[in-house]
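J.: Need coordinates for the following:
(chains A and B)
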Amino acid sequence: MAITYKVRYKNHCTPQEQILTGGRWYLDSDCGRKLTGDAETSATLSGSGTYDNYQAISATPTTALTGKDFAYIKNIGATDGTTEDVLITLDGSNYLILLSLGESFASEIHTDAQLQVKTASGTSAIEYFVET
Amino acid sequence: MATGNPEARRVIFSSYVIPTYSIEGEETSIRHTEFNSTVGKTLGSKGVATINKDQWGDGWTSFAHQGAYWEDMSDNWELLGETWSGELEITTTLANHQLVDNSISDDLAFLYIKNTGDSNNCKVSLTGSSGDAFIIIPPGASVHLRGDGTNLDCNDVFVQSNTSTTTIEWIIAKTP
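T.: Okay, the predicted model is just below:
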């Protein structure tokens, strides 16, 4: 029996604008609608992946993860209460993606990506799932 | 439009991830799908990104692209064969598809890209035309991210199709 691993994922966003300070938020008039993408990974995944529900993060980058086809990383905050923003790099050097507490990044990625995570300063923690 | 009226702008965003595995039966070719037992649950999150109420231009969303307004074009409107569809067709040449003009060097606050094509993947570089397009967006999928607020600029984002062409819609917003 053939076993196939896939990740179905959805990234959704709702742009909003506020006409009066402190007033009600409306759907942004420039966009006009909510935006959603919903699909399975296009890559053929060969394994069940790696999941960790708690990894402590500091200003020292994590060990690089390479050869991955899909990555999900969520800033869950450390158990000691520290909740620094988390920075992600896909190339091992440019930390360009920011996650505040409770936010996540979920995307199919190229297997040449060199995935690493750190904080600008202080500590936090992440939940992550990667699959090859 | 993009400048003027709003007192504030923000984007509420969320992700929802379902790791699965499926088994195809030997005789019936019926595929049974269930949770990947490594995770055993769904994953996800919600967040809010505050963006600048006065964006860098109409093209901050593909829905209000400069291509939607004939007065912003270099062509005469009567010579154009079709109206702006809200989607941009991209090819395999990364350097040809910078999402904003190179003069827009504002820090990127929020990026959303959806591959609205049917068959080819969209690839995204966050490090310029000579950078690596490590983010992959299959047809129908999307990606969103917040910039680090310093190093990732709006004009750093380039996109390409992995084969032939595909189409995208997007939001690319600068920081307050």
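J.: before we move on, what SS does residue B:56 have?
T.: Under the three-state scheme (DSSP: H, G, I helix; E, B strand; the rest coil), residue B:56 adopts coil.
J.: check contacts around it.
T.: Contact analysis of residue B:56 by C-beta atoms under 8 Å, 6 or more residues apart in numbering or on different chains lists B:2, B:100, B:104, B:106, B:154, B:174. Heads up, the C-betas are built off the backbone N, CA and C, glycines and all.
J.: now do 7 Å
T.: Contact partners of residue B:56, counting by C-beta atoms under 7 Å, 6 or more residues apart in numbering or on different chains, are B:100, B:104, B:106, B:154, B:174.
J.: now swap in residue B:161 and tell me
T.: Taking C-beta under 7 Å, 6+ apart, one finds B:90, B:91, B:92, B:120, B:122 in contact with residue B:161.
J.: switch the cut-off to 6 Å
T.: Residues in contact with residue B:161 (C-beta atoms under 6 Å, 6 or more residues apart in numbering or on different chains) are B:90, B:91, B:92, B:120.
J.: doesn't residue B:8 make contact with residue B:50?
T.: No. The pair residue B:50 / residue B:8 is not scored as a contact, 7.6 Å apart, by C-beta atoms under 6 Å.
J.: between these two, which one's more packed in?
T.: residue B:8 (18 against 15; other C-beta atoms under 10 Å in any protein chain shown).
J.: For the nearest residue to residue B:32 once chain neighbours are set aside, what is the enclosing helix or strand?
T.: The shortest distance from residue B:32 to any non-neighbouring residue, by C-beta to C-beta, 6 or more residues apart in numbering or on different chains, is to residue B:23 (5.4 Å). Assigned by DSSP states H and E, residue B:23 belongs to strand B:8-24.
J.: how about that strand: buried residues?
T.: By 16 or more other C-beta atoms under 10 Å in any protein chain shown, the buried positions in strand B:8-24 come out as B:8-11, B:13-21.
J.: so how far is the following helix or strand past it off the chain centroid?
T.: Once strand B:8-24 ends, the next helix or strand along the chain (criterion: DSSP H and E) is strand B:31-35. Relative to the centre of its chain, strand B:31-35 is centred 30 Å away, using C-alpha atoms, centre = their mean, to the nearest Å.
J.: and strand B:31-35, which strands flank it?
T.: Applying DSSP bridges, strand B:31-35 is found paired with strand B:8-24 (antiparallel).
J.: is residue B:31 in a bridge, and if so with what?
T.: Applying DSSP bridges to residue B:31 gives these bridge partners: residue B:24.
J.: residue boundaries of the strands in chain A?
T.: Assignment of strands within chain A using DSSP state E yields the ranges A:2-18, A:25-27, A:35-40, A:50-57, A:70-75, A:86-89, A:95-99, A:104-109, A:116-119, A:124-131.
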